[in-house]
Structures are given as structure tokens and as C-alpha cells.
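[1] Kindly generate the corresponding structure for this input.
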Amino acid sequence: MRDKVEAALAKIKPALQVHGGDVELVDVNEGVVKLKLKGACAGCPMATMTLKMGIARVLKEQVPEVKEVIAV
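    Take a look at the predicted model:
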């Protein structure tokens, strides 16, 4: 499952990097994906929306085993 999540994140990263941000996979355990937002994303007031409405949505679509996505 970790490989699938990493592959999905690889598709998302360019959009974040264009805006000076990035995302790092911290852990995948029993359907819970832990991510660390980096760069501009780390301090952005819209980071929660980016995580929930963007990253989490894409991960759940591409990796159905993903139950939850949280920032650490």
C-alpha cells in the first residue's frame, strides 16, 4: 500500500511545488496516511483545505485502501 500512496503523491507533488510547497510521506498504517506539509504549504492558511480537499481526495480515489489522511 505504501508504494501505491507514494505513486499517487508523485502525481500531486508538482502542483504543490509550483507554489513553493511540498508534501512528505511520514507513515502508512492500517489505512491511515500521515503526511508532512513542507515549504509554503507548511505555513499556508489554506493548508488544511489543500490536505483534505486536494491530497486526501486524490489519495482515496487512487488508493481505495486509504481511510484517513492526516498532517503531522
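[2] alpha carbons only for contacts and neighbour counts from here, please
    Fine.
[3] Report the secondary structure state of the residue positioned nearest the centre of the chain.
    The residue lying closest to the centre of the chain (C-alpha atoms, centre = their mean) is residue 55, at 4.4 Å. With DSSP: H, G, I helix; E, B strand; the rest coil as the basis, residue 55 sits in helix.
[4] Now do the phi/psi pair for the closest residue to it other than its chain neighbours.
    Of all residues not flanking residue 55 in the chain, residue 12 sits nearest, at 7.1 Å (C-alpha to C-alpha, 6 or more residues apart in numbering). Note on residue 12: its backbone torsions stand at phi -80, psi -40 [degrees, to the nearest 10].
[5] Tell me where this protein is predicted with low confidence.
    For the chain, no stretch is flagged by pLDDT under 70.
[6] re the thing from before, do you know how far the residue nearest to the centre of the chain is from residue 47?
    From residue 55 across to residue 47, the span is 10 Å (C-alpha to C-alpha, to the nearest Å).
[7] so how far is residue 34 from residue 68?
    9 Å.
[8] actually residue 26, not the one I wrote
    Separation of residue 26 from residue 34 (C-alpha to C-alpha): 5 Å.
[9] Quick one: neighbours of the residue nearest to residue 55, just the number.
    By other C-alpha atoms under 10 Å, 17 other residues sit near residue 12.
[10] quick one: the helices in the chain?
    Using DSSP state H, the helices of the chain run over 2-18, 40-43, 47-49, 56-62.
[11] give the contact list for the residue lying closest to residue 68 once chain neighbours are set aside.
    Distance criterion C-alpha to C-alpha, 6+ apart; nearest residue to residue 68, sequence neighbours excluded, is residue 32 at 4.8 Å. By C-alpha atoms under 8 Å, 6 or more residues apart in numbering, the contact list for residue 32 reads 66-70.
[12] Make JSON lines out of the residues you listed and add neighbour count and distance to residue 51.
    Shown next, in JSON lines, are the contacts of residue 32 (neighbours: other C-alpha atoms under 10 Å; distance: C-alpha to C-alpha, whole Å):
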{"residue": "66", "neighbour count": "21", "distance to residue 51": "14"}
{"residue": "67", "neighbour count": "13", "distance to residue 51": "14"}
{"residue": "68", "neighbour count": "16", "distance to residue 51": "11"}
{"residue": "69", "neighbour count": "19", "distance to residue 51": "8"}
{"residue": "70", "neighbour count": "13", "distance to residue 51": "8"}
